[in-house]
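Engineer: for reference, the sequence and a predicted model appear below.
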Amino acid sequence: MLKSNRKIRAAASGKGSKFAIAILAAGKGTRLKSKHPKVLHEVGGKPLLAHVISAARRVVPARDIYAIIGHEAHLVRQAVAATGVEFVVQKEQRGTGHAIMSARDALTNYDHVLVLSGDAPLISSSTIERIRDYHLVERAAMTILTALLDDPTGYGRVIRQAPGSDRVEAIVEQKSLKKSQQTIHEINSGFYAFDTEPLFEHIDQLAADNPHGELYLTDMAAILKKAKLRVLALQTPQPCEVMGSNTRAELVLLDRQMRATKCQQLMAAGVTVYYPETCVIDCEVEIGADTIIEPFVQLLGTTRIGADCRIRSFSVMKDCQLGDQVTVRPGTLGEQVRIGRGAVIGPYSHLRPGSDVGEGAHVGNFVEMKKARLGKNSKANHLTYLGDAEIGSGVNIGAGTITCNYDGVNKYTTVIEDGVFVGSDATLVAPIKVGQGAYIAAASCITDDVPSHSLALGRARQTIKEGWARERRDRLAQARETKKS
Ligand code: UD1
Ligand code: CA
């Protein structure tokens with residue numbers, strides 16, 4: 001068991017307690033049958049590796065974190081470069097032990113190294129700290145985080161020296177288990193702490209004498225034990241945190257687990273999520289209290305939603321910012337969009353990147369916006385395209401209005417100033433400016449700027465041919481009679 005906090009602090013602050021974190025992330029992930037590197041597969045809307053890095057950064061500064069990359073290294077590096085961690089390249093992927101060998105130069109500058117698995121994204125910073133503290137207090141050479149699983153299939157098993165002892169004899173991989181070892185349910189989580197000195201003194205003893213012909217980091221347990229060093233098991237009370245993702249089925253399971261936890265956290269913070277199992281809410285999404293999320297909603301990326309909002313079914317919001325009291329009606333799509341307080345969107349609106357809907361504004365059914373700003377209390381309620389448009393406040397955009405923003409080569413801006421009334425079915429051929437308080441007659445094609453407070457009409461005058469329809473019907477009827485006779 002853990003000793004007192006005072007003792008931990010003393011051990012952690014003492015001389016010789018410099019920790020690095022190494023994250024194993026070089027593998028190909030053969031079992032996923034994917035062209036993408038394993039650690040870039042996403043759960044909870046974020047790459048596996050990004051989750052592990054987030055947890056690690058809460059324990060040590062980014063400069064002390066080494067991501068060991070190899071397969072498609074440039075892609076992995078690019079995906080997580082912004083976190084500020086260091087990278088070590090493992091040129092050939094010859095196993096988890098070989099991965100740590102590749103990082104020897106970087107890691108020998110530290111007293112200890114915590115090794116994390118890049119494909120086990122549920123690990124929490126508190127569990128990483130627990131391994132660190134246990135390792136320090138118990139003065140171990142290697143501490144292995146273990147877990148008891150109902151179904152340990154696929155994981156390495158931890159062989160203790162004696163039942164109840166925290167001393168470890170060895171870790172045995174699934175494929176090498178002896179019959180008597182097959183009943184062991186205590187698995188190796190793939191998270192460890194090592195003292196770097198004995199680790200690198202003995203690591204060259206690793207041999208590839210296993211079914212995969214790889215150098216297994218797990219074999220360090222037996223090697224260090226043989227050197228009469230302390231190899232300890234620390235069993236986690238949270239076995240779900242160590243789940244790895246070797247297969248698509250495991251990935252999906254982790255994703256579901258992460259999203260379920262996310263919904264529980266949101267609900268604990270005052271958000272109602274109806275039928276949470278139907279909703280897809282990424283782990284970075286933030287939602288204010290008293291907001292209601294209806295079934296089958298997707299909230300993705302960095303989406304932030306204010307308080308007292310209602311997001312109705314079948315809406316998908318990615319990287320959007322919504323103020324308080326916003327209503328998003330069913331079937332709305334939004335990406336990189338800002339929506340002001342009290343606005344009402346949908347049903348079936350399509351808000352593309354760069355759209356900005358002002359406070360209290362309404363965007364209705366089958367309205368598409370792209371790089372368009374709709375000012376405070378303005379309305380575009382039906383069947384409209386607003387692209388590259390600057391629209392002021394209190395503007396009414398009639399049904400079927402189109403901003404013609406593209407001539408096949410370039411995009412042009414439409415400016416509509418405050419208080420303008422655009423009648424239904426108007427086409428506004430950009431670049432164009434409609435001055436404040438102007439009025440556009442319905443069905444107009446507007447090609448020239450409209451001065452403030454004026455009326456613009458751009459349509460052919462209606463003509464009437466009295467009796468024309470009746471005469472035509474009579475003519476046709478007569479022709480049919482003649483044909484019959
Ligand atoms: C590993 C452990 C197993 C443990 C399980 C926990 C070994 C030999 N086995 O098995 O005991 O129960 O994790 O999840 O360590 N990697 C590299 N370079 C390589 C090979 C792998 O960086 O040359 C990385 C992978 O990208 C992955 C991690 O190491 O992130 C673990 O490798 P993986 O092949 O998934 O090991 P498991 O079979 O899951
Ligand atoms: Ca794994």
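Structural biologist: Thanks, I have it. Ligands and ions are numbered 1, 2, ... in the order given.
Engineer: remind me which helix or strand Pro237 belongs to.
Structural biologist: Using DSSP states H and E, Pro237 sits in no helix or strand.
Engineer: typed the wrong thing, it's Asp105
Structural biologist: Counting by DSSP H and E, Asp105 is found in helix 104-107.
Engineer: residues making contact with that helix?
Structural biologist: For helix 104-107, the external contacting residues (CB atoms under 8 Å, 6 or more residues apart in numbering) are 20, 22, 66, 86, 88, 100, 113, 196, 199-200, 203. All C-beta spots, glycine's among them, are computed from the backbone N, C-alpha and C.
Engineer: and for stretch 297-311?
Structural biologist: Against stretch 297-311 from outside (CB under 8 Å, 6+ apart): 45, 279-282, 284-294, 312-328, 341.
Engineer: quick one: which of these sit in helices?
Structural biologist: Assignment to helices by DSSP state H places none of those there.
Engineer: farthest pair in the contacts of helix 104-107?
Structural biologist: The largest distance within those, taken as CB to CB, falls between Glu86 and Ile203 and amounts to 19.7 Å.
Engineer: okay, the two: which has more neighbours?
Structural biologist: Ile203 (21 against 15; other CB atoms under 10 Å).
Engineer: what sits closest to that one if chain neighbours are left out?
Structural biologist: The shortest distance from Ile203 to any non-neighbouring residue, by CB to CB, 6 or more residues apart in numbering, is to Met101 (5.8 Å).
Engineer: quick one: neighbours of the one you found, just the number.
Structural biologist: 20.
Engineer: that one against Leu217, yeah?
Structural biologist: No: using CB atoms under 8 Å, Met101 is not in contact with Leu217, being 9.3 Å away.
Engineer: give me the common contacts of those two.
Structural biologist: Between them, Met101 and Leu217 share these contacting residues under CB under 8 Å, 6+ apart: Leu206.
Engineer: what's the spacing between Val52 and ligand 1?
Structural biologist: 9 Å (CB to the nearest ligand atom, to the nearest Å).
Engineer: so that residue touches Ile123, yeah?
Structural biologist: Yes: at 6.3 Å, Val52 counts as touching Ile123 under the criterion of CB under 8 Å.
Engineer: the two: who's more crowded?
Structural biologist: When neighbours are counted by other CB under 10 Å, Val52 and Ile123 differ, and Val52 comes out ahead with 28 against 25.
Engineer: just the CA trace of the helix or strand harbouring the more buried one, in PDB.
Structural biologist: Here Val52, judged by DSSP H and E, is contained in helix 48-57. What follows is helix 48-57, C-alpha atoms only, in PDB (Å, rounded to 0.1, in the frame of the first residue of the first chain):
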ATOM      1  CA  LEU A  48      -5.300   7.900 -29.100                       C
ATOM      2  CA  LEU A  49      -1.800   9.400 -28.600                       C
ATOM      3  CA  ALA A  50      -3.200  12.900 -27.900                       C
ATOM      4  CA  HIS A  51      -5.200  11.400 -24.900                       C
ATOM      5  CA  VAL A  52      -2.100   9.800 -23.500                       C
ATOM      6  CA  ILE A  53      -0.100  13.000 -24.000                       C
ATOM      7  CA  SER A  54      -2.800  15.000 -22.200                       C
ATOM      8  CA  ALA A  55      -2.700  12.800 -19.200                       C
ATOM      9  CA  ALA A  56       1.200  12.800 -19.200                       C
ATOM     10  CA  ARG A  57       1.300  16.600 -19.400                       C
END
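Engineer: shouldn't Ala233 be within a helix?
Structural biologist: No: going by DSSP: H, G, I helix; E, B strand; the rest coil, the assignment for Ala233 is strand, not a helix.
Engineer: need the contact list for it.
Structural biologist: 143-144, 146, 158, 160, 166-168, 186.
Engineer: now for these, which pair is the farthest apart?
Structural biologist: Thr143 and Glu186 (14.4 Å).
Engineer: run a quick neighbour tally on the residue in the stretch 51-200 of the chain that ligand 2 sits nearest to.
Structural biologist: Relative to ligand 2, the nearest point of the stretch 51-200 of the chain is Asp119 (4.5 Å; CB to the ion). Asp119 has 26 neighbours, counted by other CB under 10 Å.
Engineer: please, which helix or strand holds it?
Structural biologist: Under the assignment here (DSSP H and E), Asp119 is part of no helix and no strand.
Engineer: look up how far ligand 1 lies from it.
Structural biologist: For Asp119, the distance to ligand 1 - CB to the nearest ligand atom - is 4 Å.
Engineer: repeat that for Asp448.
Structural biologist: The value you get for Asp448 to ligand 1, if CB to the nearest ligand atom is used, is 63 Å.
Engineer: excluding its backbone neighbours, what's nearest that residue?
Structural biologist: In space, Asp448 is closest to Ile432, 7.3 Å off (CB to CB, 6+ apart).
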